[in-house]
Structure formats: structure tokens, C-alpha cells
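Student: Got a predicted structure plus its sequence, pasted below:
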Amino acid sequence: MTTLANISSVTPSLKSEGFDVNAIRSDFPILQSKVYGKPLIYFDNAATSQKPKTVIDRIVKYYEHENANIHRGVYHLSELSSNAYEGARDIVQKSINAAKREEIVFVRGATEGINLVASSWGRANLKAGDEVLISQMEHHANIVPWQLICEEKGAILKIIPVDENGELILEDFHRLLTEKTKFVSIVYVSNSIGTINPVKTIIESVHKYNIPVLIDACQAAPHLSIDVQDLDCEFLVYSGHKIFAPTGIGVLYGKEDYLNGMPPYQSGGDMINIVTFEKTTFKEAPHKFEAGTPDISGAIGLGTAIEYVNNISRSAVHKYEQTLLAHATEKISAIDGLRIIGTAKNKIPVISFAVDGAHPMDIGTLLDFEGIAIRTGNHCTQPLLDRFGVSATCRASLAFYNTIEEIDFFAEALVKVIKKIKD
Ligand code: ALA
């Protein structure tokens, strides 16, 4: 039986690109943990990723040495804190190649970013009979905010369907995109089945109608390079906690003209210029959209997480993750009665599956006793799972710190667990 005693990279050639999975694993304290006496195998990275020590240390340093509110104090600590927070904005800007730092709005996460755009842009621009186009592959966070604003404005939500492999049906996308379409909001990479969508081509087509596009890049951010100028999207969102940063911080990118043309989403301190009881004037973006005290330490932690990721070769990570995906797909698909849901040509290392006669919750619970963490359920994508005729799946979602040995251990444990459930 494969053991985890000798964790080694299967692709030593990646070492020439400076990629060493053992070194990476040692940066993540939680990966050294045991669960029920077994080494933790963390395969729930699409839900949230683990945090490297450098991020944890940076947050501790902030609270031990820099904690003060930002943009408000004339004293040393407030300056330290404000500089660190605004420095994180610069790091985010560079990492997604935004043209201006003012185009980066810190939000709680992708969910808040989408709600912000749907409420602010949607309320100001949508009217009865307009159409908003999303896909069948969206996370609930990219469905419900659009449903609510469409309901409020009498607009109509249109859905691009997904084929048997879990790819968007592009002919239907072109058919649904019409003069009536006023906004398109599309996921870059599916959280539940891993499909990488051809968003650049989609954006090009949408722009022929002179309308804006939002890209939900939650699952793209930890796995792919993002260049918003190259994509040319009007908006893009992601959550920090999926890219090795703390929970509670996320990014909304918006083209400057769009952000400045939109009304505030929330209001309060730090987003205003002048307040009187008669009238209030607002700052320009991004501050207009950052009402109240933000998640200062979260933003700083996000900056550190991005710097951490930037120190590892993206191309090596991509090759390594594709090796993990290929190996896991081969191992898992060989299991009797198991169906992989989502077999797109371009995928991140996310494998969703259903097993005849074994409920995902039972599989997940028993795998936990082997030290293995996967997600079970609908992954906040009920319409997508409905399309495949299942209400829940097991989902193994991998990151660059996972290993071939972990996959082998997982596949063996899975066979054992399925047998136990069926016996
Ligand atoms: N959206 C997260 C997931 O896919 C929580 O698990």
C-alpha cells in the first residue's frame, strides 16, 4: 500500500523551475496535522485553501505592531496600518494587471463583490424587459443576486446551458446574446466540476453589444494567471481565502469609468467627502465602495498570500496540478460504479463524482476517519447538479501542495469506504 511516509514530487523536472512540493508543504503548518491519528489529506481546496506560515505571521505582526484604524489617524501607527492596507491594493493591482490601483475594491469576498455590482450597477441600469445572461454552471453567489435584481427591475435572467461534459454550449451562448442582453456574468472556472471556460472569447463576443461582463474568478485565482487588461472584462471578483489568504477579504476589480459611474452600495464612514443633513457627496472609487472600517489585516494577509504565490513559478504549478488531475482522474475513474461529473477538456484539479448505491455524505464521513477532507453536497451549484441528475456529489479539489501519494492513499481509502457502505 502507498504510504505518506515518503512524499516526493513525481515530476522532478519541475525542480529546475524551482518547484518543490516538499518545500511548499513545509510552508503550511496545518499540513503537518493528524486527524484521528492519520496524516491530514486536505482535498477541499475549492471550499477554502490552507494558509502558509508567512501569511499567518504577517497577520500576527499586524496585530502585534501595526494595529490602528486606516485613513483616519495622523499618528505613526495609523500611518503604518494605512500604508500596509494600501500597499496590499498595489499588490493586487499588479497581480491581475489592472491599469490603476483605484480599480481594486476590497470586499468581504466574491459574494459581496457580485452583490455590489448587481445592486449598484443593476439598480441604476436595468429596466423591465432587459436581459441578464449567466450560465447553468454558476455558483449560487452568481445566480441569486442577479435573480433578485431582475425581479426588482422586471428584467429577465437567461441561462447558457452546459453539455454532458460540463462545458458551456457556446452555440446557445451566441443565440442567447441579443440586443436585449444588458449584462453578462460568467464563472471563469467551475467550483463544483472544475471546467475552465473560454472567458476571453466570451468577453469578446459580449463586447460586440457594448455591454459589460463580470467574471467570477474565485476558482481561477488559485490556479491560473489573471490579466484583466488582456481579458478586457469590466468587472472581476475573487475571494482571498481560496488563494491562501484569510477569510473575510476579497477583491472586486472594476474598470475605473464603470466604478465611478455607479452609486454607492453601502454607505457610512470613509466613503464620503462632505456630509450635511441636506446632502452627502462621495469619494471616487475605490473608497466609495469601502464604507466603514474594512478588514485591514485581511487585506494585508491577502497581499502576503499573493506575494507567496508569486514566488512560485506559475507554469510549474500548472504542470504539476495537471499531473495531479490526470493521476486522480485515472485512479478514481477506475473505481466500480463511480461516475465522474465534469469531464471537460480544460479543467483545474477538481474531481466531482457520484457512486451508485453510496450516498456522498456517507462517503465523506467515512473518509474523514481516514484523515481525508473532501466536500460533499451540492457545492452551492444546485442548478448544475440538477442538470446531471444528482442532488449531491463528492468533490476532491486539489492544490499545489497536494501529492500523488495523497491521491493514491485517497483512491485506496475510497474503495474501502464504498465497500463498507455497500456491504
Ligand atoms: N464556494 C465554495 C465551494 O465551492 C464554498 O466549496
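Tutor: It's in.
Student: Read off the pLDDT value for the closest residue to residue 82 other than its chain neighbours.
Tutor: The spatially closest residue to residue 82, leaving aside those adjacent along the chain, is residue 70, at 4.3 Å (C-beta to C-beta, 6 or more residues apart in numbering). Where you see a C-beta, it was placed from the backbone N, CA and C, and this is true even at glycine. On the pLDDT scale, residue 70 is placed at 94.
Student: I believe residue 70 is in a strand; please confirm or correct that.
Tutor: No - under DSSP: H, G, I helix; E, B strand; the rest coil, residue 70 sits outside any strand and is assigned coil.
Student: Let me know whether it touches residue 80 as I believe.
Tutor: No - Residue 70 is beyond contact range of residue 80, at 9.7 Å (criterion: C-beta atoms under 8 Å).
Student: more crowded one of those two?
Tutor: Per other C-beta atoms under 10 Å, whichever of residue 70 and residue 80 has more neighbours is residue 70, with 20 against 17.
Student: Can you tell me the SS state at residue 281?
Tutor: strand.
Student: Just say helix, strand or coil for residue 115.
Tutor: helix.
Student: distance of it from residue 147?
Tutor: Applying C-beta to C-beta, to the nearest Å, the value for residue 115 to residue 147 is 12 Å.
Student: buried stuff in the host helix or strand of residue 323?
Tutor: Of the helices and strands defined by DSSP states H and E, residue 323 is found in helix 314-333. Using 16 or more other C-beta atoms under 10 Å as the test for burial, helix 314-333 gives 316-317, 320-325, 327-329, 331-332.
Student: I'd guess residue 238 is in a strand, am I close?
Tutor: Yes - counting by three-state DSSP, residue 238 falls inside a strand.
Student: Model confidence for the residue of the chain positioned farthest from its centre, exactly?
Tutor: Among the C-alpha atoms of the chain, the one farthest from their average position, using C-alpha atoms, centre = their mean, is that of residue 278, at 41.3 Å. Looking at residue 278, its pLDDT reads 93.
Student: Per the annotation, how does the chain divide into domains?
Tutor: 12-51+314-422, 67-310 (automatic domain parsing).
Student: Now those in JSON lines, please, with extra columns for distance to residue 60.
Tutor: Output for the domains of the chain, formatted as JSON lines (distance: least, C-beta to C-beta, whole Å):
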{"stretch": "domain 12-51+314-422", "distance to residue 60": "12"}
{"stretch": "domain 67-310", "distance to residue 60": "9"}
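Student: In a markdown table: those, plus distance to the ligand.
Tutor: Conversion of those to a markdown table gives the following (distance: least, C-beta to the nearest ligand atom, whole Å):
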| stretch | distance to the ligand |
| --- | --- |
| domain 12-51+314-422 | 3 |
| domain 67-310 | 4 |
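Student: Of all these, which one is nearest residue 61?
Tutor: Proximity of those to residue 61 was assessed by C-beta to C-beta; the nearest stretch is domain 67-310, lying at 8.9 Å.
Student: end-to-end on that closest one?
Tutor: As for domain 67-310, its first-to-last residue distance stands at 26 Å under the measure C-alpha to C-alpha, to the nearest Å.
Student: returning to what we had before: just want to know which of residue 115 and residue 147 has more residues nearby.
Tutor: residue 115 (24 against 14).
Student: Export the buried residues of helix 314-333 to JSON lines and append columns for pLDDT.
Tutor: Shown next, in JSON lines, are the buried residues of helix 314-333 (pLDDT from 0 to 100):
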{"residue": "316", "pLDDT": "94"}
{"residue": "317", "pLDDT": "96"}
{"residue": "320", "pLDDT": "97"}
{"residue": "321", "pLDDT": "97"}
{"residue": "322", "pLDDT": "97"}
{"residue": "323", "pLDDT": "97"}
{"residue": "324", "pLDDT": "97"}
{"residue": "325", "pLDDT": "98"}
{"residue": "327", "pLDDT": "97"}
{"residue": "328", "pLDDT": "98"}
{"residue": "329", "pLDDT": "98"}
{"residue": "331", "pLDDT": "97"}
{"residue": "332", "pLDDT": "96"}
